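> predicted coordinates and the sequence they were generated for:
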Amino acid sequence: MDQVTNALRGDGIALSFGGIKVLKGLDVEFRAGEITGLIGPNGAGKTSLFNCLTGAYRPQHGSITYAGTSLDGLPPAARAGKGIVRSFQHVALCPDLSVRENVMIGVARNYSAGWASAFLPLSAGRKERQDMAAAADRVLADLGLADSADLLPSELPPGTQRLVEIARAIVGKPSVLLLDEPAAGLNNSETRDLMKVLRKLASTDLVLVVVEHDMDLVMSICDRIYVLNFGEFVAVGTPEEVRGNEDVVRIYLGSDDDE
């Protein structure tokens, strides 16, 4: 495939567990300026691919690059330091921290004192705490969550908790944002709100990839879609191209969980 400058690329990514081939030599390119969908039935390998891209898994074969720079061998924290950020299938907010404090964790990597300084009453970290809180408040305001800043996650409906998790992911201004089933558990109204947020996030500076089972969401917001089945891509294209692909119609099941 042609090289795109600001792209997250996987070339020949192969991953096996106990002799079972989970990913079978995948070539993939997620481009900045696009919203890319990654879909497929239960057990297709979508989360495994995310884990390879973020360093949680190390593929047996293949290479991963961002903007032409190799990421091979880098652990998740180092990749996060390069602006490669992900969310998870299940909301993972700290229940004892306020919404603002949860979001502050996402920007702490940009400061020398680290995340702990945001929550300890130390004079050395006062200015950084103020800066982190201000950054968190700006993102919360952008997502329409300013009124929730001082609440605990348990006081929020599921859809708002999802948006808080996205706020935490974007507050540090990532270069790559990988969202794993962001619409899981949301009702129709909450999903529509999420779609508006994702469209707003799309920019030429961001690689935005969404794993999702909600086909209405995927077809509505994505510029390109990869369809994965049993560790192989069976289709890549625009929503219109994917919607009309006979293999996609045949294999896509829309199950709830990946692996």
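Cool, got the structure.
> domains for the chain, by residue range?
For the chain, whose domains are defined here by automatic domain parsing, the residue ranges read 1-83+174-259, 92-173.
> including mean pLDDT and mean neighbour count, could the ones you listed go into JSON lines?
(C-beta placed from N, C-alpha, C; glycine too.) Putting those into JSON lines (pLDDT from 0 to 100; neighbours: other CB atoms under 10 Å) gives the following:
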{"stretch": "domain 1-83+174-259", "mean pLDDT": "89", "mean neighbour count": "18"}
{"stretch": "domain 92-173", "mean pLDDT": "84", "mean neighbour count": "18"}
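> the longest helix in the chain is where?
When the chain is parsed with DSSP state H, its longest helix is helix 126-142.
> elements contacting it?
helix 99-107, helix 158-170 (3 or more CB pairs under 8 Å, 6 or more residues apart in numbering; DSSP states H and E).
> go with 10 Å
If contacts are counted by 3 or more CB pairs under 10 Å, 6 or more residues apart in numbering; DSSP states H and E, helix 126-142 sits against helix 99-107, helix 158-170, helix 188-201.
> switch the ones you listed over to TSV; also include distance to Ala78.
Below are those laid out as TSV (distance: least, CB to CB, whole Å):
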stretch	distance to Ala78
helix 99-107	17
helix 158-170	17
helix 188-201	24
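> tell me which of those sits nearest to Thr47.
Nearest of the helices and strands packed on helix 126-142 to Thr47, taken as CB to CB: helix 158-170 at 16.2 Å.
> give me the angle between the helix or strand following that closest one and helix 158-170.
Next along the chain after helix 158-170, taking DSSP states H and E as the criterion, comes strand 176-180. Per axes from the mean of the first three to the mean of the last three CA atoms, to 10 degrees, the angle that strand 176-180 makes with helix 158-170 is 150 degrees.
> what strands line up against strand 176-180, and which way round?
Sheet pairing for strand 176-180, assigned by DSSP bridges, gives strand 84-86 (parallel), strand 207-211 (parallel).
> from the chain's centre, how far out does it sit?
The chain centre lies 1 Å from the centre of strand 176-180; the measure is CA atoms, centre = their mean, to the nearest Å.
> repeat for stretch 204-217
8 Å.
> make residue 1 into 717 and carry on from there
Understood, numbering begins at 717; the last thing we discussed is stretch 920-933.
> which other helices and strands does the host helix or strand of Arg725 contact?
Secondary structure assignment for Arg725, by DSSP H and E: strand 723-733. Applying 3+ CB pairs under 10 Å, 6+ apart, we find strand 723-733 packed against strand 736-747, helix 762-770, strand 777-782, strand 892-896, strand 923-927.
> turn these into a markdown table, including distance to Leu902.
Output for the helices and strands packed on strand 723-733, formatted as a markdown table (distance: least, CB to CB, whole Å):
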| stretch | distance to Leu902 |
| --- | --- |
| strand 736-747 | 23 |
| helix 762-770 | 18 |
| strand 777-782 | 30 |
| strand 892-896 | 13 |
| strand 923-927 | 13 |
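> list the contacts of the nearest residue to Leu872 once chain neighbours are set aside.
Leaving aside its chain neighbours, Leu872 sits nearest to Ser864 (6.1 Å; criterion: CB to CB, 6 or more residues apart in numbering). By CB atoms under 10 Å, 6 or more residues apart in numbering, the contact set of Ser864 is 814-816, 856, 871-872, 876-877, 879-880, 883.
> isn't Lys889 up against Leu922?
Yes - between Lys889 and Leu922 a contact is recorded at 8.7 Å, counting by CB atoms under 10 Å.
> give the intersection of the neighbour lists for these two.
With contacts defined as CB under 10 Å, 6+ apart, the residues shared by Lys889 and Leu922 are Gly799.
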